[in-house]
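Engineer: predicted coordinates and the sequence they were generated for:
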Amino acid sequence: MSSVPHPREHWGSRLGMILAAAGSAIGLGSLWKFPYVTGKNGGGAFVLIYILSTVLVCFPLFIAELLIGRAAQRAPVNAFTTLSGKSRSWRGLGWLAVFSTLIVFSYYAVVAGWTLNYLLLSLSQFTAGRSPEQIAGVFDIMSTSGDVCLLWQFFFVLLTLGVVISGVRAGIERWARILMPALFVLLISLCIYSLTLPGAAEGLRFVFYPDTSKLTSSSILEALGLSFFTASLGFGIIMTYGSYMKKEDDIPATSAIVLGLTVVISLLAAVNSSAIFSSMPAFISSGRLARKAFSRRLSRGRKYFSSLLNRIGPNFGKLFKATQYFKFSIFLIFD
């Protein structure tokens, strides 16, 4: 009995595809690692190498991944299998992409869980009246509490699973249309605020002035590697997104816009970090202002939630692992 394959779902619009691909590319690499390695490698010269690597190396490879996905209309494993004539070597390369994504997601889920935890803490202005050492101590306690980390990680995996199961249009594209503009607004607002702080001009100079005397061979290699990471290349993600593109979609233009957004977001993150750290005393002082009345209203709920974590946190380990593998199965392997 022959089975008729179902027609493959496609992105609802070009904008949805761009925002979804940008959402995949813009992550820890752009928002967290880029500002850090820019500071470590001397600022402007490193930024210049990063931009050149993105344009000259990542742009052609980004186009290639989208082309492979669109041509095969399949995710990495089946795409390489189909286009190579069922070659085992190429199929193994597709599995390598899946494995790489699994590794990345394993620590992304942990960091995203921390973010959800901090989101709850920020509602009560937990930094109010605390020294920088005490604020850092909150993270130390949280990151070393396995039960708490597992619970927040589990919540994040559930959220991810809910989006992916909903499909390309109703899930990924729908939420990308909401969350990506929200991210842009938050970053631009933070950038505007950071530029009003004393010392912001020094931060801008550090990011955009190319001091080649601080550039080393290891810095060049790190910029090249970071450009791959921030573009989500080599994980099969862009290839999977390409498999949902229509035949008439303009791949070079889409690639240019997505990578352009990635570079812009990375630069915004670097400007924010450099401007804030250049005026750290003023930043710490303003961060101590809090709305005490709002904190009191949330205190009872926080105490209850804390006790809830202690009671149910240890029970989520096995369920989390099963959910994680299930997510990758439905989205990357059997697609």
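Structural biologist: Here it is on my side, so go on. Residues are numbered from 1 along each chain as shown.

Engineer: against residue 24, how distant is residue 259?
Structural biologist: 12 Å (C-beta to C-beta, to the nearest Å). Heads up, the C-betas are built off the backbone N, CA and C, glycines and all.

Engineer: show me where pLDDT drops low in the chain?
Structural biologist: Where the chain drops to pLDDT under 70, the residues are 1-6, 276-335.

Engineer: ok, longest helix in it?
Structural biologist: helix 88-122 (DSSP state H).

Engineer: which residue, other than its chain neighbours, is closest to residue 166?
Structural biologist: Leaving aside its sequence neighbours, residue 166 sits nearest to residue 174 (C-beta to C-beta, 6 or more residues apart in numbering; 7.4 Å).

Engineer: okay, and the residue nearest to residue 117 when sequence neighbours are not counted sits in which element?
Structural biologist: Closest residue to residue 117 apart from its sequence neighbours, by C-beta to C-beta, 6+ apart: residue 152 at 5.0 Å. Taking DSSP states H and E as the definition, one finds residue 152 inside helix 146-165.

Engineer: angle of that helix against helix 88-122?
Structural biologist: 120 degrees (axes from the mean of the first three to the mean of the last three C-alpha atoms, to 10 degrees).

Engineer: which strands or helices does helix 146-165 pack on?
Structural biologist: If contacts are counted by 3 or more C-beta pairs under 8 Å, 6 or more residues apart in numbering; DSSP states H and E, helix 146-165 sits against helix 88-122, helix 132-143, helix 292-312, helix 317-328.

Engineer: name the next helix or strand following it along the chain.
Structural biologist: Next along from helix 146-165, by DSSP H and E: helix 174-195.

Engineer: tell me the contacts of the nearest residue to residue 30 once chain neighbours are set aside?
Structural biologist: Excluding the flanking residues, the one nearest residue 30 by C-beta to C-beta, 6+ apart is residue 266, at 4.3 Å. Residues near residue 266 by C-beta atoms under 8 Å, 6 or more residues apart in numbering: 29, 30, 31, 34, 50, 230.

Engineer: check which residues of the helix or strand hosting residue 266 are buried.
Structural biologist: Applying DSSP H and E as the criterion places residue 266 in helix 251-278. Applying a neighbour-count criterion of 16 or more other C-beta atoms under 10 Å, one finds 251, 254-255, 257-259, 261-263, 265-278 buried in helix 251-278.

Engineer: again with stretch 72-85
Structural biologist: In stretch 72-85, counting by 16+ other C-beta under 10 Å, buried: 72, 73, 74, 75, 76, 77, 78, 79, 80, 81, 82.

Engineer: ok, so of the residues you listed, who is nearest residue 213?
Structural biologist: residue 76 (42.3 Å; C-beta to C-beta).

Engineer: any idea how far the spatially closest residue to the closest one that is not a sequence neighbour lies from residue 162?
Structural biologist: Spatial nearest neighbour of residue 76, chain neighbours left out: residue 236 (3.6 Å); criterion: C-beta to C-beta, 6+ apart. Applying C-beta to C-beta, the value for residue 236 to residue 162 is 22 Å.

Engineer: looking at the two, which is more packed in?
Structural biologist: Neighbour count, other C-beta atoms under 10 Å: between residue 236 and residue 162, residue 236 has more, with 27 against 11.

Engineer: my guess is the more buried one contacts residue 72, does it?
Structural biologist: No: using C-beta atoms under 8 Å, residue 236 is not in contact with residue 72; the gap is 11.7 Å.
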